[in-house]
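Q: The sequence and its predicted three-dimensional model are supplied below.
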Amino acid sequence: MPSFEPTCADGLRLALFTDTYAPQVNGVARTLERLVAAVEGRGGVVRVFAPSDPEQQEHPTVERFRSRSFWAYPQLRLSWPSTSHVQAELEAFAPTIVHAATEFGMGLAGRKAALALGIPFVSSYHTSFVAYAEHYRLGLLARPGWHFMRWFHNGGLRTYCPTQSIVDEVTAQGFERTAVWSRGVDRERFSPQHRSPALRERLVQTNDTLVLSYVGRLAAEKGLDVALDALEQVERARPGRVRWLVVGDGPYEAEVRRRAPEGSVLTGKLQGAALSAAYASGDVFLFPSVTDTFGNVMLEAMASGLPVIGADVGPTREQLRSGGGWLVPAGDAAAFARLIVSLVDDRASVREAAGRAGAFAASKSWDVVWDTLLRDYLQLHRIPPPLSLR
């Protein structure tokens, strides 16, 4: 097999604007960290513009701006930097391309400065606006919300979306110049070889115990109310046969702790080897969210040897089309419960699906993802913008 030669990013100077970045732990922040590492590892230069964070560590790549916690979600911090400050910082850095990964605060500042200075501007769409609006019963905001989203993203040369289903969703709302920026998985970090006997012993009561895992933010929009309702039904049908392993923190944590079945293990936020072990020590991964535009955790679970039970929505359907799991009608706790009960009684099906999940994860190379994105970056900063953007 020929050796892999990654796309060279020499000469690329990326200014990345985002409202979420390390030390925050979520799918967007982790993906952006990987993006920075990929550009720098291939010879490019990156400057990240992000809100300040109480847990931040100084880093020469990251420019922090004073921020405040968002009242409705304290883990999220918002910053509204002055246009003149941002513009001066951009002029000093002299980027070849500006990428806004969020639509508010820092993203707005980056968009305005890039267009004012004539620097090629791109954006990425990470949050399903329609799904969030429906979940929080904010349907009246859908029309003005889409108007703002169109204005924001159509101001750039490209809008990157994590799946084809999201491309289709936003294209139907009038987004232009869209492309898929997919996701990969680190198969050394996420692998069945990280299975922890000590954690299994803590979770497994008998040989027929099924360990059901969840990794991610503990937030209402992640479908955790559906998961809790389903697990209550499972416990009645198969008492003590399922143990729930929950990794993460967030505003819904108190409710999860209150309602989680007896014997559940809630670890809080994990990173590094502890996170790898937590993934690999489960049997089946539960992903009831209808608001995620990709669901990085599903790929990490599959690479760790776990098939996935997911809500039947576009992005999740794309991930599970290989057969590495099962789709359940979104929001249907009873359907989730029936499937979990059937898997408690049929471990052969779990093992078969785990094999397919691992094969699918093996095909999702970060190298291919970065090659595709960086080639587009390099092309865009060498061509003139459409007349509508001049």
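A: Yep, that arrived.

Q: use CA for all of it now, contacts and neighbours both
A: Fine.

Q: Which residue ranges of the stretch 101-250 of the chain form helices?
A: Here the stretch 101-250 of the chain has its helices, by DSSP state H, counting those that start in this stretch, at 106-117, 129-135, 142-153, 164-172, 197-203, 224-237.

Q: ranking these by burial, who's on top?
A: Most buried of the helices of the stretch 101-250 of the chain by mean neighbour count (mean count of other CA atoms under 10 Å) is helix 106-117; its value is a mean of 21.

Q: okay, and for this protein, where does confidence drop off?
A: 1-4, 71-75, 129-142, 382-390 (pLDDT under 70).

Q: follow-up on the earlier one: can you list the helices of the stretch 101-250 of the chain in a markdown table and add distance to residue 243?
A: Shown next, in a markdown table, are those (distance: least, CA to CA, whole Å):
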| stretch | distance to residue 243 |
| --- | --- |
| helix 106-117 | 41 |
| helix 129-135 | 28 |
| helix 142-153 | 39 |
| helix 164-172 | 33 |
| helix 197-203 | 6 |
| helix 224-237 | 10 |
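
Q: Which one of these lies nearest to residue 280?
A: helix 197-203 (9.7 Å; CA to CA).

Q: now stretch 237-254, how far from the chain's geometric center?
A: A distance of 21 Å separates the centroid of the chain from that of stretch 237-254, by CA atoms, centre = their mean, to the nearest Å.

Q: Show me what counts as buried in that stretch.
A: 240-250, 252-253 (16 or more other CA atoms under 10 Å).

Q: what residues does it touch?
A: 73-75, 203-204, 208-220, 234-235, 260-261, 263-270, 278, 282, 341, 344 (CA atoms under 8 Å, 6 or more residues apart in numbering).

Q: Now the buried members of those residues.
A: 75, 203-204, 209-220, 234-235, 260-261, 264-266, 269-270, 278, 282, 341, 344.

Q: In contact with residue 215, which residues?
A: Contacts of residue 215 by CA under 8 Å, 6+ apart are 246-248, 279, 297.

Q: And for residue 174?
A: By CA under 8 Å, 6+ apart, the residues touching residue 174 are residue 150.

Q: how much space is there between it and residue 154?
A: 9 Å (CA to CA, to the nearest Å).

Q: now, among the contacts of residue 215, which is nearest to residue 27?
A: Lowest distance from residue 27 to those (CA to CA) belongs to residue 297, with 7.7 Å.

Q: just checking, the closest one touches residue 216?
A: Yes - shown here, residue 297 and residue 216 form a contact pair, counting by CA atoms under 8 Å, at 7.1 Å.

Q: give me every residue that touches residue 224.
A: 218, 256, 288-289.

Q: Sort out for me which of the buried ones among the contacts of stretch 237-254 are in strands.
A: 75, 210-215, 265-266 (DSSP state E).

Q: Kindly reformat those as JSON lines and extend each row with distance to residue 108.
A: JSON lines is the format used below for those (distance: CA to CA, whole Å):
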{"residue": "75", "distance to residue 108": "20"}
{"residue": "210", "distance to residue 108": "46"}
{"residue": "211", "distance to residue 108": "43"}
{"residue": "212", "distance to residue 108": "40"}
{"residue": "213", "distance to residue 108": "37"}
{"residue": "214", "distance to residue 108": "33"}
{"residue": "215", "distance to residue 108": "30"}
{"residue": "265", "distance to residue 108": "40"}
{"residue": "266", "distance to residue 108": "37"}
